[in-house]
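Colleague: with the input below, show me the fold.
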Amino acid sequence: MANPYAGEVEILLDGVEHVARLTLGALAELEAEIGAEGGMIALVERFEAGRFSSRDVLAVIVAGLRGGGWQGRTADLRAVEIGGGPLGAARKAAELLARAFSMPGEERT
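Modeller: Just a heads-up that it's a prediction; the model follows:
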C-alpha cells in the first residue's frame, strides 16, 4: 500500500499494485529523459496547464516506478495495461509530481 506522506502513489500494472515514488535518483533520471524539453520546471508547468504529452506521462510513470523499486524500462510499459487507462496514468503522473514537490503539511492530491 502506498504512503502518500512519503510521496508514494499506487499504480496498477496489469492489475498488480506497484508503489511509485519520485526519489532524488528517480528525479535525476526523469530530468535526463526530458532534459531537451526545458527540464523539470517546464515539465511541472506543462502538467499544471494541462499541456502535457503522453511521452511526459510515461516518463514520469517510469521514473516513479523505478523510484519505488521497479526494475523495468519504458519499453516494458508498452504492452501493459495501466490502471485507469491513459487518463488514469496521467492522473498518477500528476500525483507523483505534486507529491514530490509539495512541502510537508501542504494539501496533497
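
Colleague: hey, where'd the strands end up in the protein?
Modeller: Assignment of strands within the chain using DSSP state E yields the ranges 8-13, 16-21.

Colleague: give me whichever of these is most buried.
Modeller: The highest mean neighbour count among those belongs to strand 8-13 (a mean of 20), with neighbours defined as mean count of other CB atoms under 10 Å. From N, CA and C alone the C-beta is placed, and that goes for glycine too.

Colleague: what segments of the chain are helices?
Modeller: With DSSP state H, the ranges of helices along the chain come out as 24-34, 39-49, 54-67, 85-100.

Colleague: out of those, nearest to residue 76?
Modeller: Closest to residue 76 of these, according to CB to CB: helix 54-67, at 8.5 Å.

Colleague: tell me what the nearest residue to residue 64 once chain neighbours are set aside is bridged to.
Modeller: Nearest non-adjacent residue to residue 64, counting by CB to CB, 6 or more residues apart in numbering: residue 20, 3.3 Å away. Per DSSP bridges, residues listed as beta-bridge partners of residue 20: residue 9.

Colleague: show me what contacts residue 20?
Modeller: Taking CB atoms under 8 Å, 6 or more residues apart in numbering as the definition of contact, the neighbours of residue 20 are 2, 8-11, 61, 64-65, 67-68, 70, 92, 96.

Colleague: ok, it to residue 72 distance?
Modeller: Separation of residue 20 from residue 72 (CB to CB, to the nearest Å) stands at 12 Å.

Colleague: could you dump the strands of the chain to CSV with mean pLDDT and distance to residue 88?
Modeller: Supplementary listing: the strands of the chain in CSV, determined by pLDDT from 0 to 100; distance: least, CB to CB, whole Å:
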stretch, mean pLDDT, distance to residue 88
strand 8-13, 96, 8
strand 16-21, 96, 13
